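next come a sequence and a model predicted from it.
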Amino acid sequence: MRRSLHRAAVGMALPSQRRALTAAAISQGKVPIENLYVTSTEVTKKTAPVLIGLAHTLEQKFSKVGYFRPIQPSADSSMADHHIDVMKQQLELSQDVEELYGVTSSRAMEGMLNGKGDDIVEEILNAYEKCRQGHDFMIIEGSQISKHESAMSWKINVDIAKALGSPVLMVTDLGDTKFSDSELLEEMVSRTVMGKDQAEGAGLNYFGTFANRVRATDADALRADLMKTLGDKDIPFLGFLPMDEMIASKRLNEVTHQLGATQLFGKAIANDTVVTSAVVAASALKDLFAHLKKYKDGAMIITSGDRSDLMLGLMVSRLPGVLPNISAIILTNGNYPHSNTHEILKGVEALDKSGLSIPIFSVPNDTFSTADGFAKVSTDILPTSHVKIDRCKHLFDEFVEKEMLIGELDQGMVVNRSPKHFQHFIFNKSRAVHRHIVLTEGEDIRVLQAADEVLRQNLSDVTILGNPEEIKLTAKTSNLDLSRANIVRPADSDLLEKYVDYFYEKRKHKGVTKELARDFCKDETYFGTLMVELGDADGMVSGACHTTANTIRPALQLIKTSPERPLVSSIFFMCLEDGVRIYGDCAVNTDPTANELAQIAVTSAESAEAFGMIPKVALCSYATGDSNSGPIIDKVREATKIAQEMRPDLDIYGPIQYDAAVDASIAKT
């Protein structure tokens with residue numbers, strides 16, 4: 001059982017998987033990319049082709065690609081789509097639909113408006129952890145909460161991408177623009193640069209950019225110009241998907257699905273049946289025939305269920321050269337054909353070789369509402385839109401720089417875990433091992449607040465040391481639930497005499513008497529340390545209102561240091577905007593020797609590894625490399641060599657200035 005003592009800083013300090021600094025300094029090495037967060041700064045529902053193509057490409061590299069949507073548009077939302085159903089089918093995912101998303105957009109909106117944004121993100125992270133099980137790579141689709149709330153949508157996508165630690169793939173949509181190719185080049189370069197700047201300015205890890213629905217006269221020439229222009233700017237542009245008539249067209253299965261239609265007659269709907277227009281048929285049959293000659297093949301007829309003459313007469317549209325081919329007939333108001341007409345239509349349907357049968361559907365709405373509904377039909381892609389799906393894959397193969405995409409993934413990335421991401425990481429680890437932690441400062445309200453959260457989140461068992469009556473009163477007046485905490489006054493504990501005997505035997509060579517040992521053991525910090533030493537607790541947190549010296553002195557007297565690392569040092573986990581870093585030593589060793597500084601660096605790196613990091617270590621000084629000399633920098637230079645010998649497997653740099661250690665652009669200069 002690992003015994004651990006921690007000095008608590010004010011607030012909750014959590015270490016990152018990605019970057020750290022010691023006094024000595026540590027930053028995260030490259031790690032494999034295990035997910036991509038696909039999002040946009042624009043309000044768009046047209047990202048399905050990108051998702052389908054991306055899945056198609058990634059399945060050529062990874063054996064099990066998964067999909068997750070942090071926020072699923074609510075069914076009544078203007079942003080509702082079928083992306084989850086399509087991706088579930090394309091990736092052959094066994095999970096239920098409900099397991100492929102975190103929360104609905106209505107729940108997300110409600111949570112943010114009520115100041116519960118952190119709770120929403122935590123719920124999303126928990127859902128993601130379950131969803132990703134068994135997958136080598138995850139496609140994460142960002143969501144637009146509302147077409148009227150683009151700024152809010154972008155902010156929550158930023159928060160979620162940071163929390164997940166995901167590199168971001170930006171998608172820009174140009175389907176509603178009309179430019180010449182030269183203007184299009186300028187617009188796409190501008191959007192790509194702005195998207196990269198916006199992503200990096202928000203603290204995201206920018207992966208690259210896709211453009212979708214690009215209306216280019218010469219797509220090949222545009223792609224070549226884009227690759228050169230953006231390549232000169234050192235911006236990874238992964239390609240674009242051109243505007244495509246087939247993908248943009250309304251298909252009969254999509255139309256009937258969105259109209260809520262029920263099929264009455266005709267063969268199963270062909271997925272490649274195009275609906276070019278809707279014609280409301282209220283006139284006489286001869287007038288309708290004359291009117292239909294103005295339309296292209298694919299017209300859909302909307303009429304009442306009592307128009308038997310139309311249903312039977314329109315069958316001749318199937319004969320070559322008579323009328324444009326009718327894609328379907330929609331009967332409004334929930335009406336059904338007369339029984340005699342029904343028998344005729346069934347008979348025609350049975351004669352498959354006649355080619356006269358037309359798919360006939362019924363909808364509950366009236367004629368006007370149905371026609372209006374057709375005009376609003378979104379050209380979404382359904383799981384049954386096989387022709388469109390195949391077209392998406394073909395376009396992705398033709399126009400997207402797949403080698404660059406895979407190459408970027410193979411390179412890995414330095415991904416900074418956000419404080420929220422790291423907190424989630426720690427919470428999950430804590431729940432998994434579920435240890436017993438003793439908090440020695442029950443008189444501090446911050447400690448009680450932390451205990452309340454630990455218990456609510458089921459992170460560990462908790463013992464709080466202090467005056468039980470005062471602690472319970474403070475908890476009650478502060479609306480804290482400590483009912484599951486073990487609250488102990490050391491002087492009244494059944495463990496006191498055992499601890500006194502142990503302390504006496506451990507320290508009697510220093511002149512400690514039994515009575516003096518009892519006085520020591522009544523002190524909360526000593527009592528908590530003894531709980532850890534004797535296996536009655538797994539870890540201790542202290543330091544909120546005690547000095548570092550008072551916190552670590554009992555541990556040095558009783559637990560001692562590790563034989564491999566005899567030097568005691570400290571580290572701080574700092575939750576910063578661009579990630580969580582480790583700083584050390586900031587509290588114990590004021591002027592370490594070169595050997596001690598090397599130990600601090602290596603111990604800090606090993607602590608980082610214990611928290612899932614792949615550390616890079618930088619030993620900081622007032623100069624970088626050989627740019628200066630002097631006693632201090634010479635000591636850091638020697639410490640670097642010693643640390644490298646102690647752990648040759650680690651990336652250890654020094655001496656280096658702090659700004660160069662944390663900013664790659666400065667380090668390059």
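On my side now, so go ahead. Quick caveat, the model's predicted, so the values are computed rather than measured.

next secondary structure after the longest helix along the chain?
Longest helix in the chain, counting residues (DSSP state H): helix 181-201. For helix 181-201, the following helix or strand on the C-terminal side (DSSP states H and E) is strand 205-214.

what's the angle from the following helix or strand past that next one to strand 205-214?
Following strand 205-214 in sequence order, the next helix or strand is helix 219-232 (DSSP H and E). Between helix 219-232 and strand 205-214, the angle comes out at 160 degrees (axes from the mean of the first three to the mean of the last three Cα atoms, to 10 degrees).

state the phi and psi torsions of I652.
I652 adopts backbone torsions of phi -120, psi 130, taken as degrees, to the nearest 10.

what's the nearest residue to it if we skip its chain neighbours?
V617 (4.3 Å; Cβ to Cβ, 6 or more residues apart in numbering). C-beta: built from backbone N, CA, C; applies to glycine.

tell me how far stretch 518-529 lies from the chain's centre.
45 Å (Cα atoms, centre = their mean, to the nearest Å).

and it, what's buried?
518, 520-529 (16 or more other Cβ atoms under 10 Å).

restricted to helices, list the residues you listed.
518, 520-522, 524-529.

make TSV out of those residues and add pLDDT.
What follows is these, written out as TSV (pLDDT from 0 to 100):
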residue	pLDDT
R518	96
F520	96
C521	96
K522	96
E524	96
T525	96
Y526	97
F527	97
G528	97
T529	96
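
okay if I get those residues as CSV plus distance to I445?
Converted to CSV, those look like this (distance: Cβ to Cβ, whole Å):
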residue, distance to I445
R518, 29
F520, 27
C521, 26
K522, 23
E524, 16
T525, 19
Y526, 23
F527, 21
G528, 19
T529, 23
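
so which of the residues you listed is the closest to D380?
G528 (59.6 Å; Cβ to Cβ).

quick check: the closest one touching I437?
No. Counting by Cβ atoms under 8 Å, I437 is not a contact partner of G528; they are 9.6 Å apart.

identify the contacts common to those two.
Residues touching both G528 and I437 (Cβ atoms under 8 Å, 6 or more residues apart in numbering): 537, 540.

the strands in the stretch 451-600 of the chain, which residues?
With strands called from DSSP state E, counting those that start in this stretch, the stretch 451-600 of the chain shows them at 461-465, 486-488, 539-542, 572-576, 579-583.

now swap in the stretch 1-150 of the chain and tell me
Going by DSSP E, counting those that start in this stretch, the stretch 1-150 of the chain shows strands at 4-7, 25-28, 35-39, 65-72, 101-104, 137-141.

quick one, which of those gets closest to A163.
Using Cβ to Cβ, the strands of the stretch 1-150 of the chain put strand 65-72 closest to A163, at 9.1 Å.

list the neighbouring strands of the closest one plus their orientation.
Partners of strand 65-72 in the sheet, by DSSP bridges, are strand 101-104 (parallel), strand 137-141 (parallel).

how far away from the center of its chain is the last one?
In this case it means strand 137-141. Worked out by Cα atoms, centre = their mean, strand 137-141 lies 8 Å from the chain centre.

residue at max distance from the center of this protein?
What lies farthest from the middle of the chain is K286; by Cα atoms, centre = their mean that is 59.4 Å.

report the buried residues of the helix or strand that contains that residue.
Element membership of K286, judged by DSSP H and E, is helix 285-292. Neighbour-count burial for helix 285-292 flags 288-289, 292 (criterion: 16+ other Cβ under 10 Å).
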